[in-house]
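1. I'll drop the sequence and a predicted model, then ask my questions.
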Amino acid sequence: MSTAEKVVCVTGAAGYIASWLVKVLLQRGYTVKATVRNPSDPKKTQHLLELGGAKERLHIFKGELQEEGSFDSIVDGCEAVFHTASPVFFSASNPEAEIVNPAVEGTLNVLRSCAKVPSIKRVVLTSSMAAVVCNGKPLTSDVVVDETWFSDPAFCKESKLWYVLSKTLAEKAAWDFARENRMDLVVINPGHVIGPLLQSTINLSMEMILNLVNGPVAKFLRKIEMQLHMETYFPAKVHSAPVITERMI
Ligand SMILES: NC(=O)c1ccc[n+]([C@@H]2O[C@H](COP(=O)([O-])OP(=O)(O)OC[C@H]3O[C@@H](n4cnc5c(N)ncnc54)[C@H](OP(=O)(O)O)[C@@H]3O)[C@@H](O)[C@H]2O)c1
């Protein structure tokens, strides 16, 4: 089968990381079924439609994480599913309803759809270092953080780290579901991701860096003529690397 006949799905495709992932997958010749919450909003779709190969091999669908079964028909016929969609903000008036539940229920909703489709060989979940390191233990120089680490939900709740809690519980739910359903699941746990944006809107991880660059510290550094150097890094290629197994932090 040529890669053009290979169909993959990317959830939350208009997002910062997912847009790069869609770009890489199209470059590699895949047909991509991309889900966004509002397909009629050009701010969410225009940059995707302009990607190389999009005219021929990109299909955009509406995908809302908490609509039970809404991913069934989208993942049907896919070979792999990349689940990146998740609320990425730190505070809300009702954090359980706005951050935690969409992440956890949404992940299970997508995985349940995947489990119904025998053609799906692998599901790749975008988790986070947030789901790894937040357990209250001090990260001293003798401590080795590895793929056995999970953030502690009780610590996250006590510390009101709602985004961290959402990523931790969503990843744990995904591993439980994958084990029970013998699903080939791979989890990517990126740290803070920065680099060029494909979309016209700014996402949180880039906004945080821009705030540093434009904020009081940067103003001070500019005053004393110090230069800031930013490394760019994006994990899109890591997501689609065939050699990864289990948890990649
Ligand atoms: N950026 C980082 O530094 C970083 C680090 C580690 C892990 N991650 C993880 O990487 C993934 C993507 O993050 P990002 O930085 O690319 O953020 P982003 O640009 O804000 O993308 C998040 C995507 O999730 C979608 N989404 C949120 N709630 C949804 C819902 N209820 N139903 C359907 N879609 C929903 C958003 O859809 P709309 O476009 O419709 O709003 C958006 O496309 C997330 O899982 C995040 O936790 C990010």
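-> Structure's in. What do you need? Residues are numbered from 1 along each chain as shown.
2. so how far is the ligand from residue 91?
-> Between residue 91 and the ligand the distance is 15 Å, computed by Cβ to the nearest ligand atom, to the nearest Å. Every residue, glycine included, has its C-beta placed from N, CA and C.
3. and the nearest residue to that residue once chain neighbours are set aside, how far is that from the ligand?
-> Nearest residue to residue 91, sequence neighbours excluded (Cβ to Cβ, 6 or more residues apart in numbering): residue 162, at 7.0 Å. Distance, residue 162 to the ligand, using Cβ to the nearest ligand atom: 12 Å.
4. over to residue 18?
-> The gap separating residue 18 from the ligand is 6 Å, by Cβ to the nearest ligand atom.
5. can you pull up the most central residue in this structure?
-> The chain has residue 84 as the residue nearest its centroid, 3.0 Å off, counting by Cα atoms, centre = their mean.
6. wait, what's in contact with that one?
-> The contact partners of residue 84, by Cβ atoms under 8 Å, 6 or more residues apart in numbering, come to 10, 11, 12, 13, 15, 17, 18, 21, 126.
7. Throw those residues into CSV and include secondary structure, distance to residue 197 and neighbour count, thanks.
-> Listed next are those as CSV, based on DSSP: H, G, I helix; E, B strand; the rest coil; distance: Cβ to Cβ, whole Å; neighbours: other Cβ atoms under 10 Å:
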residue, secondary structure, distance to residue 197, neighbour count
10, strand, 17, 33
11, strand, 19, 29
12, coil, 15, 26
13, coil, 14, 26
15, coil, 11, 23
17, helix, 11, 23
18, helix, 12, 26
21, helix, 14, 27
126, strand, 17, 26
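8. helices or strands up against the longest helix along the chain?
-> Ranked by residue count and defined by DSSP state H, the top helix of the chain is helix 162-180. Where contact means 3 or more Cβ pairs under 8 Å, 6 or more residues apart in numbering; DSSP states H and E, helix 162-180 is packed against helix 101-115, strand 122-126, helix 130-133, helix 153-158, strand 185-188.
9. and if we set it to 6 Å?
-> helix 101-115, helix 130-133, helix 153-158 (3 or more Cβ pairs under 6 Å, 6 or more residues apart in numbering; DSSP states H and E).
10. those helices into CSV, with extra columns for mean pLDDT?
-> Formatted as CSV, the helices and strands packed on helix 162-180 follow (pLDDT from 0 to 100):
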stretch, mean pLDDT
helix 101-115, 98
helix 130-133, 96
helix 153-158, 96
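11. of all these, which one is nearest the ligand?
-> helix 101-115 (4.1 Å; Cβ to the nearest ligand atom).
12. that closest one vs the ligand: in contact?
-> Yes. Judged by Cβ under 6 Å from any ligand atom, helix 101-115 comes into contact with the ligand through 102, 106.
13. what does that helix rub up against?
-> 11, 65-66, 71-72, 75, 81, 83, 86-87, 120, 123, 166, 169-170, 173-174, 177, 181 (Cβ atoms under 6 Å, 6 or more residues apart in numbering).
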